[in-house]
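Asks: Sequence plus predicted model, see below.
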Amino acid sequence: MPPRSTSSETPVDHLTPDEARIEHERLGAEIREHDRRYYEEDAPSVSDAEYDALRKRYEALEDQFPELKTPESLTQKVGSKVSEKFGKIRHRVPMLSLANGFADEEVEEFVERIRRFLQWKADAPLAFTAEPKIDGLSLSLRYEGGRLVSAATRGDGAVGEDVTNNARTVGDIPHRLKGSSVPETLEVRGEVYLSHEDFAAINARQEAAGKALFANPRNAAAGSLRQLDSSITASRPLRFFAYAWGDVSEMPADTQHGMMECFRSFGLKVNPLTRRCTSVAEMLEHYHAIETDRANLGYDIDGVVYKVDDLNLQQRLGFVSRSPRWALAHKFPAQKAVTVLEGIEINVGRTGSLNPIARLKPVTVGGVVVSNATLHNEDYIKGIGGNGEKIRNGVDIRIGDTVIINRAGDVIPKVLDVVLEKRPADAKPYEFPTTCPACGSHAVREVNPRTGKEDAVRRCTGGLICPAQARERLKHFVSRNAFDIEGMGEQRIDEFYEEGLVQRPQDIFTLQARNARSLKRLENREGWGETSARNLFAAIEARRSIALNRLIFALGIPHVGETSARLLARHFGTFEHLRETAKAAADPASEAHAELTAIGGIGPVVAEAIVEFFKEQHNEEMLDALLAEVTVEAMEAPAAANSPVAGKTVVFTGSLEQMTREEAKAMAERLGAKVAGSVSKKTDIVVAGPGAGSKLAKAAELGLQVMDEDGWFALVGRK
DNA sequence: AACCCTCGAGGTCA
DNA sequence: CTCGAGGGTT
């Protein structure tokens, strides 16, 4: 639960200085917590009026007792946490990412997939748009009545940062759209970028001012848009191309290229290399033309985007997981570089995994200096792929080798290949350690009992006696989506662990009490002061109450990430219920075990991991100690999705005439329904087309709701 | 077999 | 923030 408003009615001038100090401190902590909820979780727990009241009283206290106006006060901090961050904006329509492809064949497959999905005849016309994929950062502009009212970055796709003031300084972004056909509300999406010329000029200025240079135009554009002082943004000549839209009150066109034309007529910039293509050959031709001309464009692009032109078809095609089925980003090959592998280091992960990392002679790839790269796992180094086949023709990777690296997706450095001719004569095959480099325990590759295959990762068997694992688990425990304890970063965990101050999760919550009795107090250490210690303790106190799903996630049970943690929290409701069931489930024949695996999304492997976790004596002790320190919040009821079929299980049977089966399924799922393949007593709705047989009969037998396609559309609307 | 989730990776900027 | 391997679920 969020801290309740504690603002008392006592007039400020009736308080003793001591009372004032205590209340001032309490209010400060409360305001900080509200700020955090508002800015970081986008989940304000008080109204604006209540918040303002808190701040007013906080300030009134300081007016009456000026000694409270310390440099740490929320009113005094220059660039305090509050103003340090951008507000958040929830996108009315999520900003999704695009499916990627590299090879020409993937474009063919993409078009094929779409034809299949639509049941389109081979000769039926199907048009696409093709446009350069600008390498910048995406931005969503909201226009109401033709006026720019807000601008948000992509963020995680659902919630972005409010950069309205900065967007207003971008020359290509009109404050007001022109023309009479501008929809009442229109969210324009596009890319903010910097031209090569402007990028060079900015870096020249940075250099003259003795400031750090930007690595590439994209980073410079991102840095410029995220300036808190919009006058700095204004001094950077950012540009903008529109290519998509979000929330729109009435669509001004029914094709993708029609929309682009509208954008242009509204006064927005649209990339001039956008073409309408009617065949794969034409799409590829345009791709290669753009690739050839890439260096002369004057701005960075990283590929070509194809989109189905007809918006009705886009609608029918819908989405696969997080990207539209109707679009493909055809990326240019990633830039490669050659360098020397100077060493291989092994990191031990939270789950005990031994992760090999390549230490490279620093080299520039695609504008950034790369000195590390992932080597994935033991087999990858040996030249064997996940399913046993050879990769790199079976060539292994050795220390001293000259290697070819790239940045996968232009981001993650990866060792692609070895230049065998340059292999030093004395280079020996790399021997992957069979003991943990952190604790010396055996490190083994477990055999999956069902497939009989060896796990790709080698794991330390040391469990909690392994300091590396213990530290990584602590880091996971305090991380953003778990307990989210501000001020407990990697460095501090390492430091605290080393000194024995915090070695188990529960130690975090007893730290303050132990510190008070300690001879070597935190606040007296080098690099520490009263403030840093106080802030840390305040951050810990703020987490004595925790949401159930966060707690489950924080435990770091293998295979249980955020999603599974939420599933478990929702199913069990309380931690005790989960714990009891998991313990009872140690018997595979038990009802508890059946309950666990019956949860959708929890299969045998995950269930086993959960059972194992709760079986461990030291975990038992940890949980008892932890639960004595923290309060677990009851699970909130899941927000009811506003769709008539949300949460229902639907079965489609017979032949569907107005949509393909896949389409029907995608549609039902989009509306929050589950789609099953067969009728059972768990089924809620059966949609039967002509020719339906046994499933329809069974549905009648069970007395389920049965409807035809028209009935389905009547129920959910035609979307 | 398709899709989804977990986990751990690197680099940049504020 | 983003990627990708591997493995789990359905």
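Replies: Happy to help now that I have it.
Asks: Looking at chain A, what residue ends up closest to DNA strand C?
Replies: DNA strand C sits closest to A:Gly603 of chain A, with a gap of 2.1 Å, by C-beta to the nearest atom of the strand. Where C-beta positions appear, they are placed from N, C-alpha and C, glycine not excepted.
Asks: correct me, but that residue touches A:Ala609?
Replies: No: between A:Gly603 and A:Ala609 there is no contact under C-beta atoms under 8 Å: 10.4 Å.
Asks: if you count what's nearby, which of the two comes out ahead?
Replies: Neighbour totals were compared for A:Gly603 and A:Ala609, and A:Ala609 leads with 16 against 12 (other C-beta atoms under 10 Å).
Asks: In this structure that one contacts A:His559, no?
Replies: Yes: counting by C-beta under 8 Å, A:His559 is a contact partner of A:Ala609 at 4.9 Å.
Asks: Excluding chain neighbours, what is closest to A:Gly487?
Replies: A:Leu536 (4.4 Å; C-beta to C-beta, 6 or more residues apart in numbering).
Asks: Now do the contacts for that neighbour.
Replies: By C-beta atoms under 8 Å, 6 or more residues apart in numbering, the contact set of A:Leu536 is A:Gly487, A:Met488, A:Arg492, A:Leu522.
Asks: Any chance of those residues in JSON lines with distance to DNA strand B, neighbour count and pLDDT as columns?
Replies: Shown next, in JSON lines, are the contacts of A:Leu536 (distance: C-beta to the nearest atom of the strand, whole Å; neighbours: other C-beta atoms under 10 Å; pLDDT from 0 to 100):
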{"residue": "A:Gly487", "distance to DNA strand B": "14", "neighbour count": "14", "pLDDT": "86"}
{"residue": "A:Met488", "distance to DNA strand B": "16", "neighbour count": "23", "pLDDT": "88"}
{"residue": "A:Arg492", "distance to DNA strand B": "16", "neighbour count": "18", "pLDDT": "88"}
{"residue": "A:Leu522", "distance to DNA strand B": "23", "neighbour count": "19", "pLDDT": "86"}
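Asks: ok, and of those residues, which contact DNA strand C?
Replies: Counting by C-beta under 7 Å from any atom of the strand, nothing from the contacts of A:Leu536 sits close to DNA strand C.
Asks: Between which two of these is the distance greatest?
Replies: A:Met488 and A:Leu522 (12.3 Å; C-beta to C-beta).
Asks: what distance separates the start and the end of stretch A:537-557?
Replies: 27 Å (C-alpha to C-alpha, to the nearest Å).
Asks: what is the mean pLDDT for that stretch?
Replies: Averaging pLDDT along stretch A:537-557 gives 93.
Asks: Helix or strand for A:Tyr243, just tell me which one.
Replies: Taking DSSP states H and E as the definition, one finds A:Tyr243 inside strand A:239-248.
Asks: among the helices and strands of chain A, which one scores worst on average pLDDT?
Replies: Counting by mean pLDDT, DSSP states H and E, the weakest-scoring helix or strand in chain A turns out to be helix A:81-84, with a mean of 35.
Asks: Specify the next element, helix or strand, located C-terminal of that one.
Replies: From helix A:81-84, the next helix or strand downstream (DSSP H and E) is strand A:88-90.
Asks: In the sheet, which strands lie alongside the next helix or strand after that next one, parallel or antiparallel?
Replies: Later in the chain than strand A:88-90, the nearest helix or strand by DSSP H and E is strand A:99-101. Looking at strand A:99-101 with DSSP bridges, its partner strands are strand A:327-331 (parallel).
Asks: what's the strand it pairs with in contact with?
Replies: Residues contacting strand A:327-331 (C-beta under 8 Å, 6+ apart): A:98-102, A:106-107, A:110, A:133, A:287, A:302-308, A:409.
Asks: returning to what we had before: what's the closest non-adjacent residue to the residue of chain A closest to DNA strand C?
Replies: Counting by C-beta to C-beta, 6+ apart, the residue nearest A:Gly603 is A:Thr597, at 6.6 Å.
Asks: Spit out the contact partners of the residue nearest the centre of chain A.
Replies: Most central in chain A under C-alpha atoms, centre = their mean is A:Asp156, positioned 5.3 Å from the mean C-alpha point. Going by C-beta under 8 Å, 6+ apart, A:Asp156 touches no other residue.
Asks: distance of it from DNA strand B?
Replies: Applying C-beta to the nearest atom of the strand, to the nearest Å, the value for A:Asp156 to DNA strand B is 13 Å.
Asks: Shouldn't that residue be within a helix?
Replies: No: A:Asp156 is assigned coil when assessed by DSSP: H, G, I helix; E, B strand; the rest coil, not a helix.
Asks: ok, residues contacting stretch A:365-378?
Replies: A:215-216, A:334-337, A:339, A:344, A:354-364, A:381, A:397, A:405-407, A:410, A:412-415, A:432, A:445, A:456-458.
Asks: next one: stretch A:603-621
Replies: A:464, A:555, A:557-560, A:564, A:568, A:579, A:582-583, A:585-586, A:593, A:596-597, A:602.
Asks: Helices - which of the residues you listed land there?
Replies: A:Ser564, A:Leu568, A:Arg579, A:Ala582, A:Lys583, A:His593, A:Leu596, A:Thr597 (DSSP state H).
Asks: how about these, which pair is most distant?
Replies: Within the ones in helices among the contacts of stretch A:603-621, A:Ser564 and A:Lys583 form the most distant pair, 18.2 Å apart (C-beta to C-beta).
Asks: And these two? Which one has more around it.
Replies: Between A:Ser564 and A:Lys583, A:Ser564 has the larger neighbour count (other C-beta under 10 Å), namely 20 against 15.
Asks: quick one: contacts for the more buried one?
Replies: A:Gly601, A:Ile602, A:Val606.
Asks: From these, pick the one nearest A:Leu148.
Replies: Using C-beta to C-beta, the contacts of A:Ser564 come closest to A:Leu148 at A:Gly601, 41.7 Å.
Asks: How about the stretch 501-650 of chain A: which residue is closest to DNA strand B?
Replies: Counting by C-beta to the nearest atom of the strand, the stretch 501-650 of chain A gets nearest DNA strand B through A:Gly561, at 2.4 Å.
Asks: re the thing from before, report the separation between the residue nearest to A:Gly487 and A:Arg350.
Replies: As judged by C-beta to C-beta, to the nearest Å, A:Leu536 and A:Arg350 stand 22 Å apart.
Asks: try A:Lys698
Replies: Relative to A:Arg350, and taking C-beta to C-beta, A:Lys698 is found at 47 Å.
Asks: Same question for A:Val418.
Replies: Relative to A:Arg350, A:Val418 is positioned 31 Å away (C-beta to C-beta).
Asks: what about those two, which has more around it?
Replies: Neighbours per residue (other C-beta under 10 Å) separate A:Val418 from A:Arg350, with A:Val418 holding more: 21 against 17.
Asks: these two touch, right, that one and A:Asn393?
Replies: No: contact criterion C-beta under 8 Å: A:Val418 and A:Asn393 do not qualify, at 9.7 Å.
Asks: Quick check on the nearest residue to A:Ala337 once chain neighbours are set aside: phi, psi?
Replies: Closest residue to A:Ala337 apart from its sequence neighbours, by C-beta to C-beta, 6+ apart: A:Val365 at 4.3 Å. Taking degrees, to the nearest 10, you get phi -130, psi 120 for the backbone angles of A:Val365.
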